[in-house]
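Novice: My questions are about this predicted structure, shown below with the sequence.
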Amino acid sequence: MTVLQRLVQYQQANLDAPLYYRIRNVPWVLDIVSNGRADLRPWNRRGPVPVMRRSGTRPMPFLAVDTAEYILGVGGHTERTKAFWDQMFAWAVSPNTHPAVAALLLLVHDAEVHGSTAPEPRDRIAIRVAGYFLHQLDEAVTEWARIIEARKGAGTGMCSVCGQQQRLAASLPNAIATPVSNTRQQPLLTVPLRAQTDGLPLCLECGDRASAAIDQLANDPGHHYGDTYVFSPVPATHTRIGNLLQLLHQPAPGT
Ligand SMILES: [Zn+2]
């Protein structure tokens with residue numbers, strides 16, 4: 001069994017967030033309660049939310065949960081706010097829609113946002129309509145997977161992990177978060193980002209499961225080696241593998 005297969009197996013056995021979702025803190029909730037009124041309240045709960053590695057200058061909105069700059073226009077990046085709401089409108093008219101999404105778009109039109117304090121541009125906000133957190137809907141999980149496939153997918157081929165004919169990953173949807181508990185720890189490696197060039201055809205689903213497993217392991221001190229955490233299926237020619245092997249030949253801390 002390869003390292004990637006072990007990671008996918010670990011994710012399936014231990015993590016229950018939907019594909020392309022990660023457990024993150026959500027400091028705010030935007031409550032849409034009636035026509036023309038939206039209340040922004042402190043929330044501060046952790047839970048699975050749709051996320052994607054953003055790269056380049058093009059706006060890449062998440063679905064139904066995003067930062068204050070994408071949802072409310074805090075910080076003045078109007079193209080990001082437009083991209084977020086364009087994506088919500090596209091969801092509302094897609095086969096994966098839900099009545100709460102259409103309700104949001106009707107109710108939020110010209111709504112004033114009420115709140116006692118202003119969020120920072122990078123603060124994450126979830127949207128709740130009539131008691132429904134939109135990102136928790138099954139329809140959101142399906143629509144987010146569709147968006148990820150369109151953004152991060154390559155052609156169809158045989159996945160080297162699950163052995164199935166699948167939509168391969170052009171790049172992994174999500175990077176691995178640096179642990180926040182100990183800033184000394186830096187990731188040595190990430191899993192291969194270019195399935196084609198690394199010669200490791202990997203389907204989007206296996207790629208996301210593997211990176212979710214690494215994300216979880218990297219943030220769990222029980223899986224750290226001294227002050228470094230490492231996990232790599234990258235070919236051995238990769239220079240960083242040298243660092244890894246060197247590291248593994250060193251005595252474990254405290255021995
Ligand atoms: Zn696969």
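Specialist: Perfect, thanks for sending it.

Novice: The stretch 51-200 of the chain against the ion: which residues are in contact?
Specialist: Within the stretch 51-200 of the chain, the residues that sit near the ion (C-beta under 5 Å from the ion) are 159, 161-162. C-beta here means a position set from N, CA and C on the backbone, and glycine is covered the same way.

Novice: make it 6 Å
Specialist: Residues of the stretch 51-200 of the chain lying close to the ion by C-beta under 6 Å from the ion are 159, 161-162, 164, 166.

Novice: in stretch 85-92, what's buried?
Specialist: Going by neighbour count (16 or more other C-beta atoms under 10 Å), the buried part of stretch 85-92 is 85, 87-88, 91-92.

Novice: Just the ones in strands from the residues you listed, please.
Specialist: Among the buried residues of stretch 85-92, DSSP state E puts none in strands.

Novice: Could you dump those residues into CSV and include distance to I23?
Specialist: CSV is the format used below for the buried residues of stretch 85-92 (distance: C-beta to C-beta, whole Å):
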residue, distance to I23
W85, 26
Q87, 22
M88, 23
W91, 23
A92, 27
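
Novice: Looking at those residues, spot the one nearest P121.
Specialist: Relative to P121, the closest of the buried residues of stretch 85-92 is W85; by C-beta to C-beta it sits at 16.4 Å.

Novice: thinking again about what came up before, mind checking which of the residues of the stretch 51-200 of the chain next to the ion are in strands?
Specialist: Using DSSP E, these in strands are Q166.

Novice: Out of the residues of the stretch 51-200 of the chain next to the ion, give me the one that has the most neighbours.
Specialist: Within those, most neighbours by other C-beta atoms under 10 Å means V161, with 25 neighbours.

Novice: wait, isn't that one in contact with C206?
Specialist: Yes: between V161 and C206 there is a contact at 4.0 Å, judged by C-beta atoms under 8 Å.

Novice: intersection of neighbour lists for these two?
Specialist: Common contacts of V161 and C206 (C-beta atoms under 8 Å, 6 or more residues apart in numbering): 4, 8.

Novice: Pick out the residue in the stretch 1-150 of the chain sitting closest to the ion.
Specialist: Going by C-beta to the ion, the ion is nearest to V8 of the stretch 1-150 of the chain, at 7.5 Å.

Novice: Can you name the element that comes right after the strand or helix carrying that residue?
Specialist: If you go by DSSP states H and E, V8 is part of helix 3-14. Counting by DSSP H and E, the next helix or strand C-terminal to helix 3-14 is strand 21-34.

Novice: Within the sheet, what are the partner strands of that next one, with directions?
Specialist: Here strand 21-34 is paired, per DSSP bridges, with strand 37-50 (antiparallel), strand 124-129 (parallel).

Novice: how about JSON lines for those, with mean neighbour count and mean pLDDT added?
Specialist: Output for those, formatted as JSON lines (neighbours: other C-beta atoms under 10 Å; pLDDT from 0 to 100):
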{"stretch": "strand 37-50", "mean neighbour count": "16", "mean pLDDT": "93"}
{"stretch": "strand 124-129", "mean neighbour count": "22", "mean pLDDT": "95"}
